[in-house]
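Asker: need coordinates for the below:
(chains A, B, C and D)
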Number of protein chains: 2
Amino acid sequence: MSEADKQRSHRRILDAAARLFRENGIEGTSVADVMNAAGMTHGGFYRHFGSKEELVAAAFRHAVDDVVSRIEEEETPEGRAVERDAYIADYLSEAHLKELGKGCPLASLGAELARAGQAPLHEGAEAAIRMAEVLLYSDDDDKTKGLAVMALLMGSITLARLAESPENAHRALEAGKTGAALLQEHWD
Amino acid sequence: MSEADKQRSHRRILDAAARLFRENGIEGTSVADVMNAAGMTHGGFYRHFGSKEELVAAAFRHAVDDVVSRIEEEETPEGRAVERDAYIADYLSEAHLKELGKGCPLASLGAELARAGQAPLHEGAEAAIRMAEVLLYSDDDDKTKGLAVMALLMGSITLARLAESPENAHRALEAGKTGAALLQEHWD
DNA sequence: TCCTTTAGATGATGTTTGTAATCTTAAATT
DNA sequence: AATTTAAGATTACAAACATCATCTAAAGGA
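Answerer: Here you go, the predicted model:
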């Protein structure tokens, strides 16, 4: 087992945890579940993390990194505004509704993070700021605008996921789209 | 133990559950925790509910009923618009930040409800609709507007609860207030 | 080639969980 | 007054849980 092997294992644990926590919640996911999904037995876990709480913080950050880098990667020539609009459309898409495991970690875990201990809470606070910054129109915008759009997105997908009929889910997503457009147009 | 006694016990269980679930989450609250807070031992629980999942659904509805009736009770002479604006202000207040146990059940439990089984999910879906209706300006408004405002409120309080500093929490609440005013003014 | 180190496997520990059977006591019914 | 019913207490139990001690095999350095 080389150092590279260990890093690969570490990465597999983070990938599995980031997915499972979003799918089944933090308390709905055991350390054994994570290790199992990563292709290992639960005993090896403590070579990588000191506790479950540590894993929660690391996996949450891992998920946020993934989301943020996916947005920033998409270097469109038209600049940031286009990427951001595309992200909002993706966020409020039917695909994002059911793809819990790859979806927005703040939406799936935001409420739970606040009770998961100090380190996870810290990651949540940082994530909120990072995501809000991604959603700003210009660098000198007050961060408030990004926060409002982020809040609307999180709330909309949460409401849509609660809907029992596809029609109602669609309605919630549409409400988010209309609202987001409106916020962007009339802010200030 | 009279019938009235049983109803009182039932009610105490619902009150305790509605508070504890919002404070510590569904999976963070055991049946024994609930019965303890209700002043009983855990054994008696199954005289009142068939399972924990049944309790989750009933307690969530209990919490929503409480919130909705608190709004509708406040019969101001100026009519609904005033009550609703007051509700939005309350929702985005510093008090609502920390008063998890009495706060909006959709904000604390929305994400968790979706994985708590069929009956809880159903209550979540109904709650979303009821809350959206409360937030409409006129009876013939499309429900979409209420959904958008509700989503913004839920997201804002979630982001505020994640903040590590009071300043950042305040910023998230302000973003919600500004956004809500904007949505109300420019919708349609 | 031998030795040291360590990633991951195995298995154990003590706790907490949801659920249920049994017991006790008091109200409701006859 | 005698009998039945059932709410809540007590106790039990199997499953799941986080954590840890120990074992193993292989990698890296000597």
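Asker: wait, residue A:31 sits on residue A:45?
Answerer: Yes - using C-beta atoms under 8 Å, residue A:31 makes contact with residue A:45 at a distance of 5.3 Å. Any C-beta I mention is one placed from the backbone N, CA and C, and that applies to glycine too.
Asker: number of nearby residues for the residue in chain A that DNA strand C sits nearest to?
Answerer: Nearest residue of chain A to DNA strand C, counting by C-beta to the nearest atom of the strand: residue A:43, 1.9 Å away. Number of residues near residue A:43 (other C-beta atoms under 10 Å in any protein chain shown) recorded here: 10.
Asker: for it, give me its contacts.
Answerer: For residue A:43, no contacting residues are found, by C-beta atoms under 8 Å, 6 or more residues apart in numbering or on different chains.
Asker: measure it to residue A:3 for me?
Answerer: In this view, residue A:43 and residue A:3 are 20 Å apart by C-beta to C-beta, to the nearest Å.
Asker: so what sits against both of residue A:31 and residue A:45?
Answerer: Taking C-beta under 8 Å, 6+ apart as the criterion, residue A:31 and residue A:45 both touch residue A:55.
Asker: does any part of stretch A:59-79 sit near DNA strand D?
Answerer: No - Stretch A:59-79 lies apart from DNA strand D when judged by C-beta under 7 Å from any atom of the strand; the minimum separation is 12.5 Å.
Asker: pull the distance from that stretch to the chain's centre.
Answerer: In terms of C-alpha atoms, centre = their mean, to the nearest Å, the centre of stretch A:59-79 is set 11 Å apart from its chain centre.
Asker: can you list the neighbours in contact with it?
Answerer: A:14-15, A:17-18, A:21-22, A:82-84, A:86-87, A:104-106, A:109, A:113, A:120, A:123-124, A:126-127, A:130-131, A:134.
Asker: now the buried members of the residues you listed.
Answerer: Using 16 or more other C-beta atoms under 10 Å in any protein chain shown as the burial test, the contacts of stretch A:59-79 include A:14-15, A:17-18, A:21-22, A:83-84, A:87, A:104-106, A:109, A:113, A:120, A:123-124, A:127, A:130-131, A:134 as buried.
Asker: correct me, but residue A:131 touches residue A:106?
Answerer: Yes - with contact defined as C-beta under 8 Å, residue A:131 counts as touching residue A:106 (6.3 Å).
Asker: between those two, what contacts are shared?
Answerer: The contact sets of residue A:131 and residue A:106 overlap at A:64, A:150 (C-beta under 8 Å, 6+ apart).
Asker: how about the helices in chain A?
Answerer: For chain A, the helices defined by DSSP state H occupy A:3-24, A:31-37, A:52-73, A:80-91, A:94-98, A:105-113, A:118-134, A:143-162, A:166-186.
Asker: make a markdown table out of the ones you listed and add mean pLDDT and distance to residue B:58.
Answerer: Output for the helices of chain A, formatted as a markdown table (pLDDT from 0 to 100; distance: least, C-beta to C-beta, whole Å):
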| stretch | mean pLDDT | distance to residue B:58 |
| --- | --- | --- |
| helix A:3-24 | 92 | 23 |
| helix A:31-37 | 96 | 29 |
| helix A:52-73 | 94 | 30 |
| helix A:80-91 | 90 | 33 |
| helix A:94-98 | 96 | 27 |
| helix A:105-113 | 97 | 20 |
| helix A:118-134 | 96 | 30 |
| helix A:143-162 | 97 | 17 |
| helix A:166-186 | 97 | 22 |
